[in-house]
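Q: Predicted coordinates and the sequence they were generated for:
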Number of protein chains: 2
Amino acid sequence: MKKAIILFSGGLDSTTCVAIAKEQGFIPYALSFRYGQKHEIELEQGKKIARAAGVVEHKILDLPLNAIGGSALTDTAIAVQDYAGDGNIPATYVPARNIIFLSFALSWGEVIGAHNIFIGANFIDYSGYPDCRPDFLRSFEQMAALGTKVGVEESKFTIHAPLLMLSKAEIVREGARLGVDYSQTLSCYRPDSDARACGTCDSCVLRKKGFAEANIADPTRYY
Amino acid sequence: MKKAIILFSGGLDSTTCVAIAKEQGFIPYALSFRYGQKHEIELEQGKKIARAAGVVEHKILDLPLNAIGGSALTDTAIAVQDYAGDGNIPATYVPARNIIFLSFALSWGEVIGAHNIFIGANFIDYSGYPDCRPDFLRSFEQMAALGTKVGVEESKFTIHAPLLMLSKAEIVREGARLGVDYSQTLSCYRPDSDARACGTCDSCVLRKKGFAEANIADPTRYY
């Protein structure tokens, strides 16, 4: 059995990714980040979920993305808005976030010998973030083959994005089939201190739509 | 005039890069990292150099690479060895370090509108690190064009590696021409608490060779 690192926020997508990696026979290692996100409470939910899912190790790294700012998720001067769906990249985009997160996965993967990395990026029901697109992920994989010791000396890193071309409804159905308990997952960008969701931010709207279209009861607690 | 971010350690190469970026007409922003390196004292030297070089802003970010380990530079269980020059990737390789550093440069670059990034990577007198090779840097630039908002909406990021194909002697001569004061720069992987160099680690040996071959007096303080 091979080790896999799953980029893990404690939300709907990455929790589904953990279940998929396990079903595919990988030994799951979860990697989360405390990056100054206003919705840091997602990490508390994530800890419970990772424990219940039986991940071998759940590493939470501190990254100073709030020292860089430029996003509604990390910058107190920029508010998280309701879902617009106007085709523009929303203010919740965190500059280079997935590039940074994947880079740390490469680093940890080199050390523990995990050459498979899972990311819950989605290109269908998504917010238009450039770092969720198929071309980007393919390009990142090529770059990793050239820029790491693993790529040079051993097997290459493989970036798995099993949700990439699924709708949110299909993701929810896949998770339900795998027994994922979505009541613990937190997707909201502006949850309250009790980890309840707003219901109207980008992330909430896409998630709600997923449960509705999948005809599965939405277990999310809204405030 | 355009802004440029220079990945800046306070060593010989990145200090030369600052001078080159300035000569090329860029407004210099320096980016350093406190990543658990044993030779963290390089940052104190770096602060003085950045101030003297007139960089507009010198940002130092904390990254938990020591929580990942796997390198003689960050892991107290792995010693920094003398230069071997046997063609193998040495234990001082930090897994995915340049990928991570460049990723943060993209992030900061998106926020401040700096789409030019300088890195002092060298492919001639170097330690065999995979993340210093031309193919990697080209590939990183392509990845950045696909995975960032800048790449999608505006101009692409350009990764400048002006030292890539220079010998250490040529780098030193170029720096001397540009008036770089190398007495302040610290390249050593195991300096003492007075920022003096060991003279025998990979980085010291390559640096020494550079001054010798350039016929320029080596101003490095050794212990």
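A: Yep, that arrived.

Q: What ranges does chain A have for its helices?
A: A:12-23, A:42-53, A:97-112, A:134-147, A:149-153, A:168-177, A:202-214 (DSSP state H).

Q: Check which helices and strands the last one is in contact with.
A: Using 3 or more CB pairs under 8 Å, 6 or more residues apart in numbering or on different chains; DSSP states H and E, the elements in contact with helix A:202-214 are helix A:168-177. Every residue, glycine included, has its C-beta placed from N, CA and C.

Q: And the longest one, by the same measure?
A: Under the contact definition 3+ CB pairs under 8 Å, 6+ apart, helix A:97-112 sits against strand A:3-7, strand A:27-34, strand A:116-118, helix A:134-147, helix A:149-153, helix B:97-112, helix B:134-147.

Q: returning to what we had before: mean pLDDT lowest for which of the helices of chain A?
A: Here the lowest mean pLDDT among the helices of chain A goes to helix A:149-153, at a mean of 84.

Q: What residues of that helix count as buried?
A: A:149, A:150, A:151, A:152 (16 or more other CB atoms under 10 Å in any protein chain shown).

Q: now, which of those lie close to chain B?
A: Subset of these in contact with chain B: A:149, A:151, A:152, counting by CB under 8 Å from any CB of the partner chain.

Q: ok, the last one - contacts?
A: This means residue A:152. Residues in contact with residue A:152 (CB atoms under 8 Å, 6 or more residues apart in numbering or on different chains) are A:146, B:89, B:130.

Q: Drop anything exposed from the residues you listed.
A: Listed as buried from the contacts of residue A:152 are A:146, B:130; burial here means 16+ other CB under 10 Å.

Q: Could you dump the contacts of residue A:152 into a markdown table with distance to residue A:184 added?
A: Shown next, in a markdown table, are the contacts of residue A:152 (distance: CB to CB, whole Å):
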| residue | distance to residue A:184 |
| --- | --- |
| A:146 | 39 |
| B:89 | 42 |
| B:130 | 39 |
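
Q: With respect to residue A:207, which of the contacts of residue A:152 is nearest?
A: Nearest to residue A:207 out of the contacts of residue A:152 is residue A:146 (CB to CB; 36.3 Å).

Q: Contacts only, for that closest one.
A: Residue A:146 neighbours (CB under 8 Å, 6+ apart): A:152, B:130, B:133, B:135, B:136, B:139.

Q: Relative to residue A:188, how far out is the nearest residue to it once chain neighbours are set aside?
A: Distances taken as CB to CB, 6 or more residues apart in numbering or on different chains place residue B:136 nearest to residue A:146, at 4.2 Å, with adjacent residues excluded. For residue B:136, the distance to residue A:188 equals 38 Å [CB to CB, to the nearest Å].

Q: Same check on residue A:119?
A: Residue A:119 is 20 Å from residue A:188, by CB to CB.

Q: Residue A:151 too?
A: With the distance defined as CB to CB, residue A:151 ends up 37 Å from residue A:188.

Q: One more: residue A:166?
A: Distance from residue A:166 to residue A:188, by CB to CB: 21 Å.

Q: Please say which of these two ends up with more neighbours.
A: Between residue A:166 and residue A:188, counting by other CB atoms under 10 Å in any protein chain shown, residue A:188 is the more crowded of the two (26 against 20).
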